[in-house]
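1. Coordinates for the following, if possible.
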Amino acid sequence: MSDHDIDPTSPRMAPKPEVTKIAGRELKPSTLMMGHGYDPVLSEGSLKPPIFLTSTFAFPSAADGKRHFEGITGKRPGGADGLVYSRFNAPNQEILEDRLSVWDGAEDALSFSSGMTAICVLMLAYASQNDVIVHSGPLYAASEGFVAKVLAKFGVTYVDFPAGATREEIDAVLEKAQAQADEQGGKVCMVYLESPGNPTNALVDIEAVRASVDAAQLDCPIAIDNTFLGPLWQRPLDQGADIVVYSLTKYVGGHSDLVAGSIAGAKKWMDPVRMLRNTMGGICDPNTAWMLMRSLETVELRMSRAGDNAAKVCDYLAKHPKVEGLGYLGMIKDARQQDIYDRHCKGAGSTFSLLLKGGEAECFRFLDALKIAKLAVSLGGTETLASHPASMTHLSVAEGRRAELGISDNLVRISIGIEDADDLIADFEQALEAV
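-> A predicted model of the protein is given here:
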């Protein structure tokens, strides 16, 4: 390989100005995914970025090395000016992070080895001893468990509120959290949301949370797990969130063949997390980053097809006599939830909860009878997946807490893929006969 394969002074691998406009028109994310953040000249003219399998990078001079480490260690703001070491940054990861930023209109993004790594490092970066985290419910069980069980070991407590809470209810929760923080000698360090909530699809009013945090004059970030609807159907930064969180394993990766996570937002919110990631590790590996760049080129196509399929499948399921209800954002019955959806969402998504008449036994019969849909956890892949949260993904959540959050024994979570919609309907029809 030649000397210009890598430019150690260019953390973004793109010394030429990025083309983001043509004739005054802002290019759409789906267009930018084909080349944003990458200059083929730097890699022998390769149309696609190579996979950079290296642990470390050579500096042009000793002064450059010093400058890069001043950024990495925080002696100078802004992070490294160039490529240093693959625990900190590397070409594939930086191109990926540039492209992730585009979808949410974020200033900066960070990639991680999993969605939970992203969440854990994010919370650790902002939580100190005796602090309070405010979060919505339901959360993904591992997220809730990290707050309630792991951070609790370090004196961090939490106050939660249900998705769909009103501005007044959120105000009251923040007041309670502030009083709790004062009593403990800490602060309210983060408001953490998940919307839609897993697995009920309950929506959080991000705008109301933003207004409440501002009114309470809290100096903390609002972070939101946007995995169920992002990056196509919801842009939480537009509604006032500061940090958007993803399990890239799901819709962004989209092929059930990788595990990764990310966060995105303004640099002032990203920098503390970047510093902790530099220390702890957890950055996405180059091969996974390369695969995610591949997936980002088709994420709009895949999510659109899956969304259309979900609408057709849910139209069928809603009329079936053995179906008690659907937690599908295209068929909201609650006025408060519909109002949030109208203000926040661009689409209903393709993951929903199916409530069967009966309980666990009926759900198990349904799941075991499926032939096209796969009985597996996760979501957002090209294939349709179905699972039973109460006995699988949320089994670690106490039974009373599950009941409080609406995670009942008769709830099945379904993630619709890109198969033929009529084939999927036929599969669900024959599986329901077993109930």
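
2. and the lowest-mean-pLDDT helix or strand in the chain, how far from the chain's centre?
-> Least confident helix or strand, the chain: helix 399-405 with a mean of 86, by mean pLDDT, DSSP states H and E. Here the centre of mass of C-alpha atoms in helix 399-405, compared against the chain's by C-alpha atoms, centre = their mean, to the nearest Å, lies 24 Å away.

3. Do you have the strands of the stretch 251-400 of the chain handy? List them.
-> 261-265, 323-327, 351-356, 374-375, 385-387 (DSSP state E, counting those that start in this stretch).

4. Of those, give the one that comes closest to Met303.
-> strand 351-356 (10.7 Å; C-beta to C-beta). C-beta here means a position set from N, CA and C on the backbone, and glycine is covered the same way.

5. quick one on the thing from earlier: what's in contact with the least confident helix or strand of the chain?
-> 137-138, 162, 197, 200, 390, 394, 397, 408 (C-beta atoms under 8 Å, 6 or more residues apart in numbering).

6. switch the cut-off to 7 Å
-> 137-138, 200, 390, 394 (C-beta atoms under 7 Å, 6 or more residues apart in numbering).

7. just the strands of the stretch 251-400 of the chain: most buried one?
-> Burial of these is given as mean neighbour count (mean count of other C-beta atoms under 10 Å); strand 261-265 ranks first at a mean of 28.

8. Which elements pack onto that strand?
-> Judged by 3 or more C-beta pairs under 7 Å, 6 or more residues apart in numbering; DSSP states H and E, strand 261-265 is in contact with helix 91-104, strand 108-112, helix 115-126, strand 243-247.

9. what's the most buried one of those?
-> strand 243-247 (a mean of 28).

10. any idea where the helices of the chain begin and end?
-> 29-32, 62-72, 91-104, 115-126, 141-145, 167-184, 206-215, 267-280, 286-296, 299-317, 335-344, 360-369, 399-405, 421-432 (DSSP state H).

11. Looking at the ones you listed, spot the one closest to Gly45.
-> helix 91-104 (15.6 Å).

12. The closest one - what's its average pLDDT?
-> The pLDDT scores in helix 91-104 average 97.

13. That helix: how far from the chain's middle?
-> Mean C-alpha position of helix 91-104 versus that of the full chain (C-alpha atoms, centre = their mean) differs by 14 Å.

14. now swap in stretch 338-353 and tell me
-> How far stretch 338-353 lies from its chain's middle: 16 Å, per C-alpha atoms, centre = their mean.

15. Kindly export that stretch (C-alpha atoms) in PDB.
-> Only the C-alpha atoms of stretch 338-353 are listed here, as PDB (Å, rounded to 0.1, in the frame of the first residue of the first chain):
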ATOM      1  CA  GLN A 338     -51.800   9.900  19.300                       C
ATOM      2  CA  ASP A 339     -51.000  13.500  20.000                       C
ATOM      3  CA  ILE A 340     -47.400  12.600  20.800                       C
ATOM      4  CA  TYR A 341     -47.200  10.400  17.700                       C
ATOM      5  CA  ASP A 342     -48.500  13.200  15.400                       C
ATOM      6  CA  ARG A 343     -45.900  15.700  16.800                       C
ATOM      7  CA  HIS A 344     -42.900  13.400  17.000                       C
ATOM      8  CA  CYS A 345     -43.100  10.500  14.500                       C
ATOM      9  CA  LYS A 346     -42.700  10.200  10.800                       C
ATOM     10  CA  GLY A 347     -43.900   6.600  10.600                       C
ATOM     11  CA  ALA A 348     -45.500   3.800  12.700                       C
ATOM     12  CA  GLY A 349     -42.500   1.500  12.500                       C
ATOM     13  CA  SER A 350     -42.500  -2.300  12.000                       C
ATOM     14  CA  THR A 351     -42.100  -3.500  15.600                       C
ATOM     15  CA  PHE A 352     -45.300  -3.900  17.700                       C
ATOM     16  CA  SER A 353     -46.900  -5.800  20.500                       C
END
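
16. Right, I'll call it a day here.
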